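Visitor: my questions concern the predicted model and sequence given below.
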Amino acid sequence: MSDTLAAIVALVDRAAVHVSNHAFEEMQKDGILPSAVIENMGKARVVEDYPDANRGPSVLVLLEDRDNRPLHAVWGIPRQRPDIAVLITAYRPDPKNWTSDFMKRSMT
């Protein structure tokens with residue numbers, strides 16, 4: 001587990017979470033409930049880690065919803081608010097854009 005993901009999981013475990021408006025909009029499009037993302041963060045796997053991102057460390061993770069369907073979620077920890085994890089977006093990955101395990105971007 002990356003340091004970024006470990007820090008985010010710790011914040012999520014303390015319920016120090018903010019869901020961005022963008023995340024709500026994207027999740028609604030894909031029929032994803034915020035609870036499906038938040039409740040499964042302990043099982044999340046790092047797809048891409050951005051520890052030096054401009055606005056603060058962030059990470060793209062793969063997890064599954066209650067029906068075992070894959071989800072991608074981007075979480076961040078704002079530099080100005082390191083006491084909160086922000087769910088930036090969450091979506092169902094398009095199989096055309098990802099490898100079969102949804103862990104790497106496809107080159108097609």
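Guide: Yep, that arrived.
Visitor: going by C-alpha atoms from here, please, whenever you check contacts or count neighbours.
Guide: OK.
Visitor: so where's the chain shaky on pLDDT?
Guide: Along the chain, segments meeting pLDDT under 70 span 108.
Visitor: can you show me the strands along it?
Guide: With DSSP state E, the ranges of strands along the chain come out as 17-19, 45-50, 58-64, 70-76, 85-91.
Visitor: can I get these in TSV with distance to residue 34 and mean neighbour count?
Guide: Converted to TSV, these look like this (distance: least, C-alpha to C-alpha, whole Å; neighbours: other C-alpha atoms under 10 Å):
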stretch	distance to residue 34	mean neighbour count
strand 17-19	8	16
strand 45-50	18	17
strand 58-64	12	22
strand 70-76	10	22
strand 85-91	9	23
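Visitor: among those strands, which comes closest to residue 7?
Guide: Taking C-alpha to C-alpha, strand 85-91 is the member of the strands of the chain nearest to residue 7, at 8.4 Å.
Visitor: which neighbours in the sheet does the closest one have, and how are they oriented?
Guide: Partners of strand 85-91 in the sheet, by DSSP bridges, are strand 17-19 (parallel), strand 70-76 (antiparallel).
Visitor: what does that strand rub up against?
Guide: Outside strand 85-91, the residues that touch it by C-alpha atoms under 8 Å, 6 or more residues apart in numbering are 8, 11-12, 16-20, 22-24, 26-27, 30, 32, 37, 71-78.
Visitor: likewise stretch 27-37?
Guide: 19, 24, 63, 65, 66, 71, 73, 89, 90, 91, 92.
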